[in-house]
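1. Compute the structure for the input listed below.
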Amino acid sequence: MNTTTVSDRARSLERFLLDSIPPARAMQLQLLEHDAGRLLMGAPLAANVNDKGCAFGGSLTSLMTLAGWSLVELLLREHGHDCDVFVADSQVRYLKPVWEDLRAEAQFAAEADPDAFLDTLASRGKSRIQVVCRTLTSEGEAATLEARFVARLRNHEAHAAQ
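-> Numbering: from 1, shown residues only. Next up, the predicted model:
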């Protein structure tokens, strides 16, 4: 995918985040890039600054979590699944302060299998997948997040009865 272009589906998701999640709107997040296995989100430092003038740690965690959630959500939407997606657990590491606009990259973990995730979802009505995220700066990685996201089909019981 051209890195300056984001699909209509991804733009629709960005609009949903900004319209439905007040912290995302306050953070002024933007979906910058997306392909099947990677998503890049950004936010301006000025909207996410702490008392020291660098990025607020909560903003770093929020942006990485939203990037991971969006990666999973877009995979599901691309395959026609209507799901509730939530983060089940995560671990964050802060490596260094961020003094520039925020950029968070999300990818499926090396051991994650998106096809198996989708198959399990179709057969059981719920599934989980590991995602790794990192905050990127001009000097390298500033924070990391490893998370397990869970998806549950909406109206799974209705589909299973058919």
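2. all strands of the chain, in order?
-> Taking DSSP state E as the test, the strands found in the chain are 30-35, 38-43, 83-94, 102-108, 126-137, 140-153.
3. Quick one, which of those gets closest to residue 114.
-> strand 102-108 (5.9 Å; C-beta to C-beta). For glycine as for every other residue, the C-beta is placed from the backbone atoms N, C-alpha and C.
4. got a list of what the residue nearest to residue 76 when sequence neighbours are not counted touches?
-> Counting by C-beta to C-beta, 6 or more residues apart in numbering, residue 76 lies nearest to residue 83, which is 5.1 Å off, once chain neighbours are set aside. For residue 83, the set of contacting residues under the criterion of C-beta atoms under 8 Å, 6 or more residues apart in numbering consists of 73, 76, 121, 151-154.
5. hmm, 7 Å instead?
-> 76, 151-154 (C-beta atoms under 7 Å, 6 or more residues apart in numbering).
6. What of residue 114?
-> Going by C-beta under 7 Å, 6+ apart, residue 114 touches 75, 108, 129.
7. So which of these wins on neighbours?
-> Taking other C-beta atoms under 10 Å as the neighbour criterion, residue 129 ranks highest of the contacts of residue 114 with 25 neighbours.
8. hang on, the earlier thing: arrange the strands of the chain in a markdown table, one row each, with distance to residue 61 and mean pLDDT as further columns.
-> A markdown table is the format used below for the strands of the chain (distance: least, C-beta to C-beta, whole Å; pLDDT from 0 to 100):
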| stretch | distance to residue 61 | mean pLDDT |
| --- | --- | --- |
| strand 30-35 | 18 | 94 |
| strand 38-43 | 12 | 97 |
| strand 83-94 | 5 | 97 |
| strand 102-108 | 10 | 98 |
| strand 126-137 | 9 | 98 |
| strand 140-153 | 7 | 98 |
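9. picking that back up, who is the residue nearest to residue 76 paired with across the strands?
-> Listed by DSSP bridges, the beta-bridge partners for residue 83 are residue 153.
10. and for the helix ranked longest in the chain, what are the contacting residues?
-> Counting residues, the longest helix in the chain under DSSP state H turns out to be helix 57-78. Outside helix 57-78, the residues that touch it by C-beta under 7 Å, 6+ apart are 9-10, 13, 17, 23-24, 27, 29, 31, 34, 39, 41, 43, 48, 83, 85, 87, 90, 92, 94, 98, 102, 104-106, 114, 129, 131, 133, 135, 143, 145, 147, 149, 151.
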